[in-house]
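Peer 1: structure here, sequence nowhere to be found:
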């Protein structure tokens, strides 16, 4: 869980300290990179017997994925959820100018 918290902190650092401002293209770029990562992880998961990104199966513990249909359909339903989240995270920056919050 610490690694997940560090990712959030890194995003806050980039905005607050480094002055980074995402562009309208960035949510779509993030979605593309996430999908590329998932495509790479699928054969690696098969090879290693792992389940990173849950591209092989749903997690064994209770999660939001319990409300989704089985594999591979839940992966297709997560796509619009992911882009909705990425766009929501971009919303505070949509009218920002470089250097302004």
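Peer 2: Now that the structure is in, tell me what you want to look at. All values reported here derive from a predicted model rather than from experimental measurement. Numbers count the residues shown, from 1 in each chain.
Peer 1: right, and the helix or strand after the lengthiest helix in the chain?
Peer 2: Criterion DSSP state H: the longest helix present in the chain is helix 26-48. Downstream of helix 26-48, the first helix or strand assigned by DSSP states H and E is helix 73-90.
Peer 1: against which helices or strands is that next one packed?
Peer 2: helix 26-48 (3 or more CB pairs under 8 Å, 6 or more residues apart in numbering; DSSP states H and E). For every residue, glycine as well, the C-beta is placed using N, CA and C.
Peer 1: the helix it packs on vs helix 73-90, what angle?
Peer 2: Here helix 26-48 runs at an angle of 140 degrees relative to helix 73-90 (axes from the mean of the first three to the mean of the last three CA atoms, to 10 degrees).
Peer 1: list the helices and strands helix 26-48 packs on?
Peer 2: Counting contacts by 3+ CB pairs under 8 Å, 6+ apart, helix 26-48 packs against helix 73-90.
Peer 1: give me the contact list for the helix it packs on.
Peer 2: With contact meaning CB atoms under 8 Å, 6 or more residues apart in numbering, helix 73-90 is reached by 22, 24, 26-28, 30-31, 34-35, 38, 55, 58, 65, 68-69.
Peer 1: do that again at 7 Å, thanks
Peer 2: 22, 26-27, 30-31, 34, 55, 58, 65, 68 (CB atoms under 7 Å, 6 or more residues apart in numbering).
Peer 1: turn those into CSV, including neighbour count and distance to residue 2.
Peer 2: Putting the contacts of helix 73-90 into CSV (neighbours: other CB atoms under 10 Å; distance: CB to CB, whole Å) gives the following:
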residue, neighbour count, distance to residue 2
22, 19, 25
26, 15, 25
27, 20, 26
30, 18, 22
31, 16, 26
34, 16, 21
55, 21, 23
58, 16, 24
65, 18, 23
68, 16, 27
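Peer 1: understood, closing this out.
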